[in-house]
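*Asks:* Predicted model follows, preceded by the sequence.
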Amino acid sequence: MASDHLPVLTERVLELLVPAAPGLLVDGTVGLGGHAEALLGAAPGFRLLGLDRDPEALARAEERLRGFSDRVRLVEATFDQLPELLERLDLEEPAAVLADLGCSSLQLDIARRGFSFTADGPLDMRMGGTGPTAAEFLERAEWEELVKILRDYGEERRARAIARAIIRRREQSPLRTTGELSRLVQDVVGAGHGRRIHPATRTFQALRIAVNDELGQLERFLEPAVNTLRPGGRIAVISFHSLEDRIVKHTLRRLAGRCTCPPDFPVCKCQPQRLVTVLTSSPVRPDEEEVALNPRARSARLRAAERRSEG
Ligand SMILES: C[S@@+](CC[C@H](N)C(=O)[O-])C[C@H]1O[C@@H](n2cnc3c(N)ncnc32)[C@H](O)[C@@H]1O
């Protein structure tokens, strides 16, 4: 059930971000308010700016954070808008920034949001209410684009065959529901007896990442967010996919002054800066106990950094 959404790696998030209090805490993915509630409870000196692109999530966060209402401001926005928002709302440099990427259980479990391959619903998959739906995306995408997103975002080995089936199908009638897409993928890859995951898992993940421009959002967010931090301020990011984690790892290393160019580059092109100290030399992973309690935590990886003091 949506109300069961458990925040991931909460103890470690507290260990990493509470030392940055007092000051402004930005939760760029406030979701159902789980991390925000824990942080506001642990650090009375934090005031929260909570962002989410999903108005339904914000309504739930508002309810959950009612006990802290004098320290909370919630805004419907994508996190790549952070620098403009701070300016527009006339807020100071944040002491801490958190992003817990991906979808919440509120989005994944409700059939009408169109993320679920097991419960039939409209093929939507938008976390916020704007931009093309998954159905519109599938209606317009070229074959090469479909293959690329299925392969890169879904790591789907049958990407070409699935893309071909989508194009053949839409020439007859558009794909409108999650059930239709799920059956189409199953027809291509087989029902998969003995498989660890549902045959449509990778296709749905790939589409969700594309529809919400998840990697573009992360790339546009990270470096500007670090630039907004006050000296000694901290940033923590939880990712659930190796492509996201790679962006976080490389960006934080480069901002810590390390060259992240491929080894065969004759000269450095990545412009490393000594803006932060990385606080997590390897990604923080959940222990077995947390994964048993909360299977969504299985692929979580947390990385964090501290803005260096100037001078
Ligand atoms: C994993 S949930 C966060 C859960 C939250 N940490 C909690 O404890 O309840 C991710 C949330 O981030 C939101 N989100 C994802 N990408 C976003 C973006 N680029 N900008 C703003 N919100 C985003 C989603 O709508 C979703 O509500």
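*Replies:* Ah, there it is. Remember, it's a predicted structure, so these values are computed and weren't measured experimentally.
*Asks:* Which helix or strand in the protein has the lowest average pLDDT?
*Replies:* In the chain, the helix or strand scored least confidently by mean pLDDT, DSSP states H and E is helix 105-109, which has a mean of 87.
*Asks:* Tell me how far that helix lies from the chain's centre.
*Replies:* Its chain's average C-alpha position is 14 Å from that of helix 105-109, according to C-alpha atoms, centre = their mean, to the nearest Å.
*Asks:* then the very next helix or strand once past that helix to PDB, C-alphas only?
*Replies:* Once helix 105-109 ends, the next helix or strand along the chain (criterion: DSSP states H and E) is helix 134-140. The C-alpha trace of helix 134-140 is given here as PDB (Å, rounded to 0.1, in the frame of the first residue of the first chain):
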ATOM      1  CA  ALA A 134       4.300   6.900 -21.900                       C
ATOM      2  CA  ALA A 135       1.600   6.200 -24.400                       C
ATOM      3  CA  GLU A 136       2.400   9.400 -26.300                       C
ATOM      4  CA  PHE A 137       6.100   8.700 -26.200                       C
ATOM      5  CA  LEU A 138       5.600   5.200 -27.600                       C
ATOM      6  CA  GLU A 139       3.400   6.600 -30.300                       C
ATOM      7  CA  ARG A 140       6.100   9.000 -31.600                       C
END
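*Asks:* Identify each buried residue in helix 134-140, please.
*Replies:* For helix 134-140, burial by neighbour count (16 or more other C-beta atoms under 10 Å) applies to 134-135, 137-138. C-beta here means a position set from N, CA and C on the backbone, and glycine is covered the same way.
*Asks:* I'd like those as TSV, with pLDDT appended.
*Replies:* Formatted as TSV, the buried residues of helix 134-140 follow (pLDDT from 0 to 100):
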residue	pLDDT
Ala134	97
Ala135	97
Phe137	97
Leu138	97
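*Asks:* and the closest residue to the ligand within the stretch 201-311 of the chain, how many neighbours does it have?
*Replies:* Nearest residue of the stretch 201-311 of the chain to the ligand: Gln217, at 3.7 Å (C-beta to the nearest ligand atom). A count of nearby residues for Gln217, using other C-beta atoms under 10 Å, gives 21.
*Asks:* what do you get for Phe115?
*Replies:* Phe115 has 25 nearby residues by other C-beta under 10 Å.
*Asks:* Next: Asp152.
*Replies:* Residues contacting Asp152 under the criterion other C-beta under 10 Å number 15.
*Asks:* contacting residues for it?
*Replies:* For Asp152, the contact set (C-beta atoms under 8 Å, 6 or more residues apart in numbering) comprises 206, 243.
*Asks:* For it, give me phi and psi.
*Replies:* Per-residue torsions, Asp152: phi -80, psi -40 (degrees, to the nearest 10).
*Asks:* how close does it get to Gln81?
*Replies:* Distance of Asp152 to Gln81, given as C-beta to C-beta, to the nearest Å: 25 Å.
*Asks:* thinking again about what came up before, the residue of the stretch 201-311 of the chain closest to the ligand contacts Leu82, correct?
*Replies:* No. Look at Gln217 against Leu82 with C-beta atoms under 8 Å: they stay out of range, at 10.9 Å.
*Asks:* Run through the residues of this protein sitting next to the ligand.
*Replies:* In this structure, the chain approaches the ligand at residues 5, 7, 28-29, 31-35, 51-54, 57, 78-79, 100, 102-104, 127, 217, judged by C-beta under 6 Å from any ligand atom.
*Asks:* End to end on stretch 169-189, go ahead and measure it.
*Replies:* End-to-end distance for stretch 169-189, by C-alpha to C-alpha, to the nearest Å: 15 Å.
*Asks:* From the chain's centroid, how far away is it?
*Replies:* Mean-position distance between stretch 169-189 and its chain equals 26 Å (C-alpha atoms, centre = their mean).
*Asks:* contacting residues around that stretch?
*Replies:* With C-beta under 8 Å, 6+ apart as the criterion, stretch 169-189 contacts 111, 114-123, 134-135, 138-139, 158, 161-162, 165-166, 192, 198-200, 203-204.
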